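1. Predicted model and sequence below, questions to follow.
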Amino acid sequence: EEDAYLCPNGRKVRFSYHSKRKDRYGFTREFKVYECEDCSACPLRDLCTKAKPGNNRKVYINEKWESQKEYVRTKLSDEKTGEIYGKRKIDVEPVFGFLKANLGFTRFSVRGKQKVTKELAFALMAVNLRKYTANNPGIVTDDDKFYSKKDPSKIFCLDPF
């Protein structure tokens, strides 16, 4: 109602002015800036703000960003959307986490759509081979060869050259 927030000490953080910032890509973001009444003698000042002594706590609110976050929150609170998102966490995200954390694949080393597609295919093939060997304990790896414990005569060479 008053267009204000309350700080942890119970003081009002009222609307002060509008601010515009340009990011490094040249996009202009609009903020509403709220400033606390007086932070000088506040016992919670060190926990609440990193502002220099004599300056009050400021809160920057991007209303467009907040409305987009609220939209996503309402979408995800829907049962059907929540189920789809839950599956994504299980099916997709662990693969990319494994690529980044264990294989060190954080960026492409080539340029061009065709080359990037091939490099990603190699990375995903490595992930799939890992899954295959994890799900088939009868397969043993020995340097660059796969062979079956049940039938050692079945040798699959990874390097066809």
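-> Here it is on my side, so go on. On a predicted model such as this, the values are computed, not experimentally measured, just so you know. Numbering: from 1, shown residues only.

2. and the longest strand for the protein?
-> Criterion DSSP state E: the longest strand present in the chain is strand 12-22.

3. What residues of it count as buried?
-> Within strand 12-22, the residues that count as buried by 16 or more other C-beta atoms under 10 Å are Val13. Any C-beta I mention is one placed from the backbone N, CA and C, and that applies to glycine too.

4. Make 19 the first number, not 1, from now on.
-> Happy to do that; since the first residue is 19 now, the last one works out to strand 30-40.

5. Mind giving me the packing neighbours of that strand?
-> With contacts taken as 3 or more C-beta pairs under 8 Å, 6 or more residues apart in numbering; DSSP states H and E, strand 30-40 sits against strand 22-24, strand 46-54, strand 76-79.

6. what bits of the chain have low per-residue confidence?
-> For the chain, residues meeting the criterion pLDDT under 70 lie at 156-179.

7. Now do the helices in it.
-> Ranges of helices in the chain, per DSSP state H, are 63-66, 81-95, 97-109, 111-119, 131-153.

8. Indicate which one of those is closest to Gly44.
-> Judged by C-beta to C-beta, the one of those that comes nearest to Gly44 is helix 81-95, at 16.7 Å.
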